[in-house]
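Trainee: next one to model:
(2 chains)
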Amino acid sequence: SQQGEEDPQALSIQEGENATMNCSYKTSINNLQWYRQNSGRGLVHLILIRSNEREKHSGRLRVTLDTSKKSSSLLITASRAADTASYFCATDNYGQNFVFGPGTRLSVLP
Amino acid sequence: EAGVAQSPRYKIIEKRQSVAFWCNPISGHATLYWYQQILGQGPKLLIQFQNNGVVDDSQLPKDRFSAERLKGVDSTLKIQPAKLEDSAVYLCASSPGLTNTEAFFGQGTRLTVV
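Mentor: Numbers count the residues shown, from 1 in each chain, chains lettered A, B, ... in the order given. Modelled structure (predicted):
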């Protein structure tokens, strides 16, 4: 069963702009993770945020988690054409029920 | 560190035939996942192993799909007989364990059933 839902389904921005995508989930989690998938490739782990954390940074990525609203957001600052990909959130509860949402397709135009 | 290896990369079969996919996870990773990803959708968990035991196979169509992880290392996923709707990319991933779930994915096997 699907746990996470990303929003929007698709996003198109200009190079240099910021991109924000959201993830909502339904049940209790221990971790929430974001992954990137370039066309025809495997998924690459971007960042993991634990349920007791509210914000995490990694380079140009900023992730927030609001457990009261069961939602997370991924912000990519100063986007580049190479950021064009699909982005997925995944949740798990101590390794159980490790499921992905349908993803957000991001297009960064030069 | 070597990544997750999968083979074959591509496979085309006729419906009702059988097919098998192989996965070699990262050395030392206790948890192994098989996902099915249909074009334009997110990965759907088929089965999760912890060492050589099954943690979750609730979404595995057990009438036609089977998977095993012998000795808690390599894994194979089999489909017999295949249907047209099984056309998808089959992704294998591994993670260190149930408390560290950062998953590392292989490149996947693209299956086309004609």
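Trainee: alpha carbons only for contacts and neighbour counts from here, please
Mentor: Noted.
Trainee: where does pLDDT dip in chain B?
Mentor: Within chain B, the segments meeting pLDDT under 70 span B:1.
Trainee: element containing the residue most central in space within it?
Mentor: In chain B, the C-alpha nearest the mean C-alpha coordinate belongs to B:W34, at 2.9 Å (C-alpha atoms, centre = their mean). Per DSSP states H and E, B:W34 falls inside strand B:31-37.
Trainee: CA atoms of that strand as CSV?
Mentor: C-alpha atoms of strand B:31-37 as CSV (Å, rounded to 0.1, in the frame of the first residue of the first chain):
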residue,chain,number,x,y,z
THR,B,31,18.2,-6.0,4.4
LEU,B,32,17.4,-6.6,0.8
TYR,B,33,14.3,-5.2,-1.1
TRP,B,34,12.8,-6.0,-4.5
TYR,B,35,10.6,-3.3,-6.1
GLN,B,36,8.5,-3.2,-9.2
GLN,B,37,8.4,0.2,-11.0
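Trainee: packing partners of it?
Mentor: With contacts taken as 3 or more C-alpha pairs under 8 Å, 6 or more residues apart in numbering or on different chains; DSSP states H and E, strand B:31-37 sits against strand B:44-50, strand B:88-95.
Trainee: please name the nearest non-neighbouring residue to the residue nearest to the centre of chain B.
Mentor: Excluding the flanking residues, the one nearest B:W34 by C-alpha to C-alpha, 6 or more residues apart in numbering or on different chains is B:C92, at 4.7 Å.
Trainee: A:F88 versus that neighbour, what's the distance?
Mentor: Going from B:C92 to A:F88 by C-alpha to C-alpha, to the nearest Å gives 16 Å.
Trainee: about what we covered before: who's in contact with the residue nearest to the centre of chain B?
Mentor: B:45-48, B:77, B:90-93 (C-alpha atoms under 8 Å, 6 or more residues apart in numbering or on different chains).
Trainee: flag every residue of chain A that's near chain B.
Mentor: Residues of chain A found near chain B (C-alpha under 8 Å from any C-alpha of the partner chain) are A:1-2, A:33, A:41-45, A:48, A:88, A:94-103.
Trainee: filter those residues to the buried ones?
Mentor: The neighbour-count criterion (16 or more other C-alpha atoms under 10 Å in any protein chain shown) marks A:2, A:33, A:42-45, A:48, A:88, A:95-103 among these as buried.
Trainee: spell out which parts of chain B neighbour chain A.
Mentor: B:40-45, B:55-56, B:59, B:91, B:97-108.
Trainee: please repeat the previous calculation with a cut-off of 6 Å.
Mentor: Residues of chain B lying near chain A by C-alpha under 6 Å from any C-alpha of the partner chain: B:41-42, B:98-99, B:105-107.
Trainee: how about the residue nearest to B:W34, what does it touch?
Mentor: B:33-34, B:105-106 (C-alpha atoms under 6 Å, 6 or more residues apart in numbering or on different chains).
Trainee: tell me the one of those nearest B:F21?
Mentor: B:W34 (10.1 Å; C-alpha to C-alpha).
Trainee: what's the angle from the least confident helix or strand in chain A by mean pLDDT to strand B:44-50?
Mentor: The helix or strand of chain A with the poorest confidence is strand A:96-100; it has a mean of 77 (mean pLDDT, DSSP states H and E). With axes from the mean of the first three to the mean of the last three C-alpha atoms, to 10 degrees as the basis, strand A:96-100 and strand B:44-50 are set at 150 degrees to each other.
Trainee: thank you, goodbye.
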